[in-house]
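# requesting a structural model of the entry that follows:
(one chain, ligands or ions: 2)
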Amino acid sequence: MASESQTVLISGCSSGIGLELAVQLAQDPKKRYQVVATMRDLRKKETLEAAAGKALGKTLSVEQLDVCSDESVAQCLSHIQGGQVDVLVNNAGVGLVGPLEGLSIATMQNVFDTNFFGAVRLVKAVLPGMKRRRRGHIVVVSSVMGLQGVIFNDVYAASKFALEGFFESLAIQLRQFNIFISLVEPGPVATEFEGKLLNQSALAEFPGTDPDTLSYFRDLYLPLSGELFRSVGQSPYDVAQVIAKVISSTRPPLRTQTNARYLPLSALKTLSPSGSLYVRTTHRLLFHWPRLLSLGLRCLSCGCLPKRVWPG
Ligand SMILES: NC(=O)C1=CN([C@@H]2O[C@H](COP(=O)(O)OP(=O)(O)OC[C@H]3O[C@@H](n4cnc5c(N)ncnc54)[C@H](OP(=O)(O)O)[C@@H]3O)[C@@H](O)[C@H]2O)C=CC1
Ligand SMILES: CC1=C(/C=C/C(C)=C/C=C/C(C)=C/C=O)C(C)(C)CCC1
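Ligands and ions are numbered 1, 2, ... in the order given. Next up is the predicted model:
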C-alpha cells in the first residue's frame, strides 16, 4: 500500500452508488485510497465483499455505520486508525415520493434524519480532526433535486436542498482550514433506490388524499418518472466514476452534475432566476401535453446528445 494513501469513509455501501464507489476507489491502480466502506446492516455485506475481490482486507474494510445513530458513528470511528478520515463521502440516503396529504410527519422526519442530519452527524464527528490537520475533503451525494423541486418529491427534494444550503455555507469557513466540500448532483440512477420507491408507493394508500391528486400521482407522475429513468438513467458505475474524479482532483469543485442528458431539465430552472420558466413549463408539459413530454424524454435518450458521464 502506498504510504501516502488517504483514508476514505463512505456511508451507505450496501448497494448502489456507495458500493460502486467503494469498489472503484479500493481498486485504484495507484493505490491512493484506504477505503472504509460502511453500511447500517452488516448482513448485507456479501455483495460488496464479492465486488471488492482481492481489495478486501487490503485497501477495503467493511464497518457498521448507521448515520442516524451517534453511538454507531462513534463506534465506527473508533475502529479507524487514529480516527483519521481524509475524505468523507456522505452517500447514505432514502427517497420518498407521494402526495403530501398521505404522508405522516414521522415518515418525513425519517427522510431528514437520514439524508440531512445523517450527513451533519458524520461531518461533526470528522471535522475536528480535519481542522487540526488542516486538510480534508467532504463529498456529499446530493441530487438534481437539491437544485430543483420535482412534483410529488416535495420532502426528498427539501432534504437535498437542505444539504446544498448547509454545505455551501460551510464551504466558505472550511477554505480557511484547507478543507474542501463537493456536492455531487446525479439525476436518475438505476439502483435499488427507484425499486424501493416504487414498492413503497405501490403499497401505500396515502390516506386523506383526494382522488384527483391520487390519479395525478399514479397515472401521470409514476409512468413519466419511469420513462425518465429508462431514457436518461445512469448506472451507479458511471456516477461513481464522476465522484472518483472529484475525489482525485487537487482543487475539487463545489458542485458537479453527473448527467449531461438531464441538463435540459435542470436548465429550465437555471435559465430563469424567478423560477417561473421551470414551474410553468413542467406544469404545462405534465398536465396539458404529457404525450409531448413523453416524446421529449425519448429524445433525451437519443444518441445525438452528449455522452452520459459529464464531465468526461
Ligand atoms: N438512485 C437515484 O436515482 C439517485 C440517488 N441519489 C442519492 O444517492 C445516494 C445513494 O443512493 P442509491 O445508491 O441510488 O440508492 P440505494 O438505495 O442503492 O443506496 C442507499 C444506501 O443508503 C443506505 N442507508 C439508508 N439509510 C441509512 C442509514 N440510516 N445509515 C446508513 N446507511 C443508510 C442504504 O442502506 P440499506 O441497504 O440498509 O437500506 C443503502 O446502502 C442517496 O443519497 C440518494 O439520495 C441522488 C440522485 C439520484
Ligand atoms: C424534472 C421533471 C420530471 C421528473 C423528474 C424526476 C423524476 C427526477 C428524478 C430524479 C431523481 C430520482 C433524483 C434522485 O435524487 C417529470 C415528472 C418527468 C416532468 C418533467 C420535469
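# stretch 138-157 and ligand 2 in contact?
Yes: Stretch 138-157 lies within reach of ligand 2 by CB under 6 Å from any ligand atom, at 143-145, 150-151. For every residue, glycine as well, the C-beta is placed using N, CA and C.
# closest to ligand 2 out of these?
Using CB to the nearest ligand atom, residue 143 is the member of the residues of stretch 138-157 next to ligand 2 that lies nearest ligand 2, at 3.0 Å.
# tell me the pLDDT of that closest one.
As predicted, residue 143 sits at a pLDDT of 98.
# and it, what does it touch?
156-157, 160, 185-187 (CB atoms under 8 Å, 6 or more residues apart in numbering).
# ok, now with 6 Å
Neighbouring residues of residue 143 by CB atoms under 6 Å, 6 or more residues apart in numbering: 160, 185.
# still on that earlier bit, near ligand 1, which of the residues of stretch 138-157 next to ligand 2 show up?
Here is what survives when these are matched to ligand 1 using CB under 6 Å from any ligand atom: residue 143.
# secondary structure added to the residues of stretch 138-157 next to ligand 2, as TSV?
Output for the residues of stretch 138-157 next to ligand 2, formatted as TSV (DSSP: H, G, I helix; E, B strand; the rest coil):
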residue	secondary structure
143	coil
144	helix
145	helix
150	coil
151	coil
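# just give me the closest of the residues of stretch 138-157 next to ligand 2 to residue 176.
residue 143 (28.1 Å; CB to CB).
# quick one: the closest one from residue 122, how far?
18 Å (CB to CB, to the nearest Å).
# export the residues of stretch 138-157 next to ligand 2 to TSV and append columns for distance to residue 107.
What follows is the residues of stretch 138-157 next to ligand 2, written out as TSV (distance: CB to CB, whole Å):
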residue	distance to residue 107
143	19
144	22
145	17
150	18
151	18
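# buried subset of the residues of stretch 138-157 next to ligand 2 as a ChimeraX selection?
Buried residues among the residues of stretch 138-157 next to ligand 2 (16 or more other CB atoms under 10 Å), as a ChimeraX selection:
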select :143,144,145,150,151
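# tell me which of the residues of stretch 138-157 next to ligand 2 is nearest to ligand 1?
Checking the residues of stretch 138-157 next to ligand 2 against ligand 1 by CB to the nearest ligand atom gives residue 143 as the nearest, at 3.7 Å.
# farthest-separated two in the residues of stretch 138-157 next to ligand 2?
143 and 151 (14.9 Å).
# who does residue 137 bridge with?
On the basis of DSSP bridges, residue 137 is bridged to residue 87, residue 180.
# just checking, it touches residue 87?
Yes: at 4.6 Å, residue 137 and residue 87 qualify as touching, with contact defined as CB atoms under 6 Å.
# could you check how far whatever residue of the stretch 51-200 of the chain ends up closest to ligand 1 is from residue 108?
Residue nearest to ligand 1 within the stretch 51-200 of the chain: residue 93 (2.3 Å; CB to the nearest ligand atom). Distance check for residue 93 against residue 108: by CB to CB, it reads 14 Å.
# what does the stretch 151-300 of the chain put close to ligand 1?
With CB under 6 Å from any ligand atom as the criterion, the stretch 151-300 of the chain meets ligand 1 at residues 186, 188-189, 191-193, 196, 236.
# give me that answer again for 5 Å
186, 188-189, 191-193 (CB under 5 Å from any ligand atom).
# give me the distance between residue 221 and residue 213.
Distance, residue 221 to residue 213, using CB to CB: 10 Å.
# give me the more crowded residue out of those two.
Legend: neighbour count by other CB atoms under 10 Å for residue 221 and residue 213, higher for residue 221 (20 against 16).
# which elements pack onto the helix or strand of the chain at the bottom of the mean pLDDT ranking?
Here the helix or strand of the chain ranked lowest by mean pLDDT, DSSP states H and E is helix 290-300, holding a mean of 89. Other helices and strands packing on helix 290-300, by 3 or more CB pairs under 6 Å, 6 or more residues apart in numbering; DSSP states H and E, are helix 222-232.
# helices or strands up against the helix it packs on?
Helix 222-232 packs on helix 290-300, going by 3+ CB pairs under 6 Å, 6+ apart.
# touching ligand 2 at all, the helix it packs on?
No: judged by CB under 5 Å from any ligand atom, helix 290-300 stays clear of ligand 2, getting no closer than 6.0 Å.
# which residues are in contact with that helix?
Against helix 290-300 from outside (CB under 6 Å, 6+ apart): 227-228, 231-232, 261, 285.
# output those as CSV; include the columns pLDDT and neighbour count.
As requested, these are arranged in CSV below (pLDDT from 0 to 100; neighbours: other CB atoms under 10 Å):
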residue, pLDDT, neighbour count
227, 93, 17
228, 93, 21
231, 92, 18
232, 93, 21
261, 92, 23
285, 95, 18
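# want to throw these into CSV with distance to residue 48?
Formatted as CSV, those follow (distance: CB to CB, whole Å):
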residue, distance to residue 48
227, 31
228, 28
231, 29
232, 27
261, 28
285, 40
